[in-house]
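**Student:** would you be able to build a 3D model of this:
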Amino acid sequence: MKNIRLLKDRFLSKAFLTLTILSIFTVVLIGLGLFYKSLPLLHSTSLWNLLSSSEWKPFKETFGFYPFIVGTFWVTGIAIIIALPLSMLTAIYLSEYANIRVRKLVLPLIELLSGIPPVLFGVWGVLVIVPLIQDRIAPYFIEFTTGYSVLAGGIVLAIMIFPLIISILIEVFDNVPQELRDASSALGATQWQTTKKVLLRKSVDGIIASVVLAISRAFGETIAVLMVCGNLAQVPKSVFDSGYPLPALIANNYGEMMSIPMYDSALMFAALLLFVIIFLFNAISRIILFRIEKRTN
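**Tutor:** Numbers count the residues shown, from 1 in each chain. Presented below is the predicted three-dimensional model:
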C-alpha cells in the first residue's frame, strides 16, 4: 500500500510538472507562431520603419504601426485614469465603511457588470457616450468632433474593467489582518487614518496587481472599443480625436487580408506587437512587485 501511495504521489507530481511546462510552452508557441507569420513583413521593411512610420497604405504595401500603438496606449491610459480612482474609493467604502447589507446588495450588482457582453458596452457607448462627448463635453474645448474618439473608448473601457479592479481590491483589503486595524484604532487613529496609514500601505502589492490585470484586460479588448473609437489611422492629438487601437485593427481587417499581398503578415505583426506589449508590461510589473515584497519583508 505504501508503494502504491508513493507511486501515486510521483505520478501526480510529474503530471503537474507536465501541465505547468505545457502552459508555458503554449505561451511560447503563440509568440513563435505570430513571429513566424510576421517574417514576410519584417524581411521587406525594417522594424524601426514599422514602429515609427505613420503611413498606412495596404494597397501600396506600406504599413506604419505608430498610430495604432499610440491609439492603444491612449485608450488604455484614459481607461485606467478613470477606473482606478473610482474603483479604489468604491472598494475602500465596501471593505471598511459599508455595513453587511449594503455590501451584499452592491457587490452582486458590480459583479453583474463583468458578465455583460462587450458588444452591449459598445452599443451603450455609441448611443450614450458618443453623443454626450459630441454635444455636451467637447464644445467646451474644441470646435467640432464626431464624438467617436479615444475618450469615448477610454470611458467605455473604464466601465468594463471597473468590476475587475473592485473585486481584486476588496479581496486584497479583506486579507489585511484585522489586528492591524484594531491596533491603529487603539492608538487613537480615526477610521480614515487607519485606512490611509495601515490598509493602503499593506495593500500596495495587491493594488499594483489589480492595475496590471486591468491593463492586460484593457489592452486586449476589441469589440466595444472598435465601435466607439472612430478607427482612423492617425495619431491622436487630444482625447477628442479618433484613434485606432491594435485589437480593433486586427478585428476590423482580418477578413480582407487575403486580397492584399502582405496584409496577412501585417496583421500578424500587429498581433505580435500586442503580445509583446502585454508580456513586457506584466514582466515589469512582476519585477516591481518582487522589489516591494523584498522591501517589506
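**Student:** CA atoms for contacts and neighbours, from now on please.
**Tutor:** Will do.
**Student:** looking at this, P236 is in a helix?
**Tutor:** No: counting by DSSP: H, G, I helix; E, B strand; the rest coil, P236 is not found in a helix; it is coil.
**Student:** what about the stretch 151-297 of the chain, any weak spots by pLDDT?
**Tutor:** By pLDDT under 70, the low-scoring segments of the stretch 151-297 of the chain are 256-259, 289, 291-293, 295-297.
**Student:** helices of that one, start to end?
**Tutor:** Across the stretch 151-297 of the chain, reading from the start of the chain, the helices by DSSP state H, counting those that start in this stretch fall at 178-186, 191-194, 200-202, 204-220, 223-228, 246-253, 263-296.
**Student:** show residues contacting stretch 132-146.
**Tutor:** Among residues not part of stretch 132-146, those counted as contacts by CA atoms under 8 Å, 6 or more residues apart in numbering are 130, 147, 152, 240-241.
**Student:** what's the average pLDDT for the strand or helix carrying K8?
**Tutor:** Taking DSSP states H and E as the definition, one finds K8 inside helix 2-44. Mean pLDDT, taken over the full extent of helix 2-44, equals 86.
**Student:** report all helices and strands that it contacts.
**Tutor:** Taking 3 or more CA pairs under 8 Å, 6 or more residues apart in numbering; DSSP states H and E as contact, the helices and strands that helix 2-44 lies on are helix 263-296.
**Student:** what are the buried residues along the helix it packs on?
**Tutor:** Using 16 or more other CA atoms under 10 Å as the burial criterion, the residues of helix 263-296 that qualify are 263-275, 278, 282, 285-286, 289.
**Student:** what of stretch 20-38?
**Tutor:** Taking 16+ other CA under 10 Å as the neighbour-count basis, stretch 20-38 is seen to contain the buried residues 31, 34-35, 37-38.
**Student:** tell me how many other residues surround Q191.
**Tutor:** For Q191, the tally of surrounding residues (other CA atoms under 10 Å) stands at 14.
**Student:** how many neighbours does the closest residue to it other than its chain neighbours have?
**Tutor:** If you skip the residues right next to it in sequence, Q191 has S185 as its closest partner in space, 7.3 Å away by CA to CA, 6 or more residues apart in numbering. Residues contacting S185 under the criterion other CA under 10 Å number 14.
**Student:** same check, this time on K8
**Tutor:** Using other CA under 10 Å, K8 has 12 other residues around it.
**Student:** over to V70?
**Tutor:** By other CA under 10 Å, the residues close to V70 number 18.
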